[in-house]
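Chemist: pasting the sequence and the predicted coordinates here, then a few questions.
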Amino acid sequence: MAASRKGFFNAFNDVWMLDGARTPMVDYCGALGHISPTDLGIKAAREVLKRAGVPADHIGSVIAGNMAPGDFDQFFLPRHIGLYAGVPVDVPAQMAQRICGTGFELFRQAGEQIQGGQCEAALVVGTESMTRNPIAAFDHRTGFKLGAPVGFKDYMWEALSDPAAGINMIQTAENLAKKYSITREQVDEFASDSFAKAVAAQQAGFHAGEIVPVISEKFELAGYATRGIKLQGKLTEVAQDTHARLSPVEVLAKLRSVYPGGVQTGGNSSALVDAAAAAVVASGAYGRAEGKKPLARVVAAAVVGVPPEIMGIGPAPAIRLLLERAGLKLDDIGRFEINEAQGAQTLAVGRELGLDLAKLNVNGGAIALGHPLAATGVRLTITLARELKRAGLRYGVSSACIGGGQGIALLLENPDAA
């Protein structure tokens, strides 16, 4: 697959991620399942401002992402995250949406705004409650006809289907498995490895370095209603990701495939979790003036389109375009964080690129940790930046496929290795 000549490419001359933070990623219907994605986003936003040492009144733009509405005030989610994080009332906020690529899109738009002189520092927040995806109906406004179907459906399950191609996201991975001759055994092996790496990283304390524990607390805003988080039951704190567990190949092999004869199962696909992640992105001039030591330089971004029926291959042409336009080769990249939407999909991207899998998702991926849609790209990019620091490597790429047929990728540089 040749590098796409179409799509977006942005090169950023002096744009930096100062720091990042996220909540734990907690299994669907678990300890965070009753919490609004707005409040999860506020929690992550407050924490990243604290970690970055950036006063909230230095933020000049708030860019937030959220896919499925977790409550009736979703329209206000970006604005409320900014205000309750302490950002001044005159600073605008916006919602960005690129499905599974939303978190990466937040960085891309922040880079554009900073490079265009619209702000010196931006707060980017991706937040998602998979648990609170609604059971919805879109055809009741005009009333009910006698004998007509009532029409309530599971928003999350229905959203997995692409009506243009007449196919769902799991079937797109099955298409890639056939195209790249990927077997069930190979997918289970990849998934088992993802779980093992996530458990090892968790036990070593790596993931804890980017997590802010969620506690019961109030979010005050003078003159306005108080928001907050209240944990249920006897819980006083939620401090770590919950889905990672050792999952031997023999165990995964016993799971039934979603489709007869297929390779994808509940054990080798991304986990459903609730979480939020946030980062502060700023100009180099701001960072230098404030004496900040940044986590990473945001070098470039690329977005491309691919056929909807093989949407999972999207990271491959996005990464090709990104590196081609940035003047780098695949071998120049020390680490890759590619979202594990499905095991076969990620393996197909690896084969298409000729990727060294030893560089991929070395602290576990979404199969083990989870894929909270709009938060995923922010989480992956924070993890990548921290891993480049830990390993002393210069360049890294974070990327994801996108339902409907797109791919997105970000290029980061470790300032300590430059």
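Modeler: Received, thanks. Numbers count the residues shown, from 1 in each chain.
Chemist: going forward, measure contacts and count neighbours with C-alpha atoms only.
Modeler: Will do.
Chemist: where are the low-confidence patches of this protein?
Modeler: 1-5 (pLDDT under 70).
Chemist: quick one: the helices in it?
Modeler: In the chain, the helices defined using DSSP state H lie at 37-52, 77-84, 102-115, 155-159, 169-179, 184-203, 249-252, 284-289, 315-326, 343-353, 366-369, 373-391.
Chemist: can I get these in JSON lines with distance to residue 410 and mean neighbour count?
Modeler: Below are these laid out as JSON lines (distance: least, C-alpha to C-alpha, whole Å; neighbours: other C-alpha atoms under 10 Å):
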{"stretch": "helix 37-52", "distance to residue 410": "20", "mean neighbour count": "25"}
{"stretch": "helix 77-84", "distance to residue 410": "22", "mean neighbour count": "25"}
{"stretch": "helix 102-115", "distance to residue 410": "7", "mean neighbour count": "26"}
{"stretch": "helix 155-159", "distance to residue 410": "26", "mean neighbour count": "14"}
{"stretch": "helix 169-179", "distance to residue 410": "23", "mean neighbour count": "21"}
{"stretch": "helix 184-203", "distance to residue 410": "22", "mean neighbour count": "22"}
{"stretch": "helix 249-252", "distance to residue 410": "32", "mean neighbour count": "15"}
{"stretch": "helix 284-289", "distance to residue 410": "18", "mean neighbour count": "15"}
{"stretch": "helix 315-326", "distance to residue 410": "8", "mean neighbour count": "25"}
{"stretch": "helix 343-353", "distance to residue 410": "16", "mean neighbour count": "23"}
{"stretch": "helix 366-369", "distance to residue 410": "18", "mean neighbour count": "29"}
{"stretch": "helix 373-391", "distance to residue 410": "8", "mean neighbour count": "25"}
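Chemist: how about CSV for these, with distance to residue 63 added?
Modeler: Conversion of the helices of the chain to CSV gives the following (distance: least, C-alpha to C-alpha, whole Å):
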stretch, distance to residue 63
helix 37-52, 11
helix 77-84, 7
helix 102-115, 6
helix 155-159, 23
helix 169-179, 27
helix 184-203, 29
helix 249-252, 39
helix 284-289, 18
helix 315-326, 22
helix 343-353, 28
helix 366-369, 23
helix 373-391, 12
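Chemist: now the residue positioned nearest the centre of the chain, nearest residue through space, not along the chain?
Modeler: Residue closest to the mean C-alpha point of the chain, counted by C-alpha atoms, centre = their mean, is residue 376 at 1.2 Å. Nearest residue to residue 376, sequence neighbours excluded (C-alpha to C-alpha, 6 or more residues apart in numbering): residue 103, at 6.0 Å.
Chemist: so that neighbour is in contact with residue 110, correct?
Modeler: No: judged on C-alpha atoms under 8 Å, residue 103 makes no contact with residue 110 at a distance of 11.1 Å.
Chemist: if we can go back for a sec, ok, the residue nearest to the centre of the chain to residue 368 distance?
Modeler: As defined by C-alpha to C-alpha, to the nearest Å, residue 376 lies at a distance of 13 Å from residue 368.
Chemist: next one: residue 349
Modeler: When residue 349 is compared with residue 368 (using C-alpha to C-alpha), they lie 18 Å apart.
Chemist: also residue 328?
Modeler: 30 Å.
Chemist: dump the residue contacts of the residue nearest to residue 35 when sequence neighbours are not counted.
Modeler: Spatial nearest neighbour of residue 35, chain neighbours left out: residue 229 (6.7 Å); criterion: C-alpha to C-alpha, 6+ apart. By C-alpha atoms under 8 Å, 6 or more residues apart in numbering, the contact list for residue 229 reads 35, 39, 215, 216, 217, 218.
Chemist: before we move on, what about residue 43?
Modeler: Contacts of residue 43 by C-alpha under 8 Å, 6+ apart are 23, 85, 214.
Chemist: thought the last one was touching residue 237?
Modeler: Spelled out, it's residue 214. Yes: judged on C-alpha under 8 Å, residue 214 makes contact with residue 237 at a distance of 5.6 Å.
Chemist: between these two, which one's more packed in?
Modeler: Neighbours were counted for residue 214 and for residue 237 using other C-alpha atoms under 10 Å; residue 214 has more, 22 against 12.
Chemist: OK, contacts around residue 86?
Modeler: Counting by C-alpha under 8 Å, 6+ apart, residue 86 has contacts 46, 56, 57, 221.
Chemist: try 10 Å
Modeler: By C-alpha atoms under 10 Å, 6 or more residues apart in numbering, the contact set of residue 86 is 42, 45, 46, 49, 55, 56, 57, 59, 80, 219, 220, 221.
Chemist: residue 192 now?
Modeler: 186, 198, 245-252, 267-268, 364, 367-368.
Chemist: burial of residue 149, as a residue count?
Modeler: For residue 149, the neighbour count with other C-alpha under 10 Å is 8.
Chemist: measure residue 109 to residue 387 for me?
Modeler: Distance, residue 109 to residue 387, by C-alpha to C-alpha: 23 Å.
Chemist: now the residue lying farthest from the centre of the chain: how far from residue 240?
Modeler: Farthest-out residue of the chain from its mean C-alpha position, per C-alpha atoms, centre = their mean: residue 146, at 43.8 Å. As judged by C-alpha to C-alpha, residue 146 and residue 240 stand 50 Å apart.
Chemist: for residue 223, same thing?
Modeler: According to C-alpha to C-alpha, residue 223 and residue 240 sit 34 Å apart.
Chemist: what of residue 222?
Modeler: According to C-alpha to C-alpha, residue 222 stands 32 Å off from residue 240.
Chemist: do residue 81 as well
Modeler: 23 Å.
Chemist: got a list of what the closest residue to residue 329 other than its chain neighbours touches?
Modeler: Spatially, and ignoring its direct neighbours in sequence, residue 329 is nearest to residue 323 (6.1 Å; C-alpha to C-alpha, 6+ apart). Each residue near residue 323 by C-alpha under 10 Å, 6+ apart is listed here: 3, 300-302, 317, 329-330, 332-333, 397, 409-411.
Chemist: among these, name the ones in strands.
Modeler: Using DSSP state E, the subset of the contacts of residue 323 located in strands is 300, 301, 302, 333, 397, 409, 410, 411.
Chemist: in space, what's closest to the last one - neighbours in sequence excluded?
Modeler: The spatial neighbour of residue 411 that comes closest, neighbours along the chain excluded (C-alpha to C-alpha, 6+ apart), is residue 397 at 4.7 Å.
Chemist: so what's the residue count around the one you found?
Modeler: Residue 397 has 27 neighbours, counted by other C-alpha under 10 Å.
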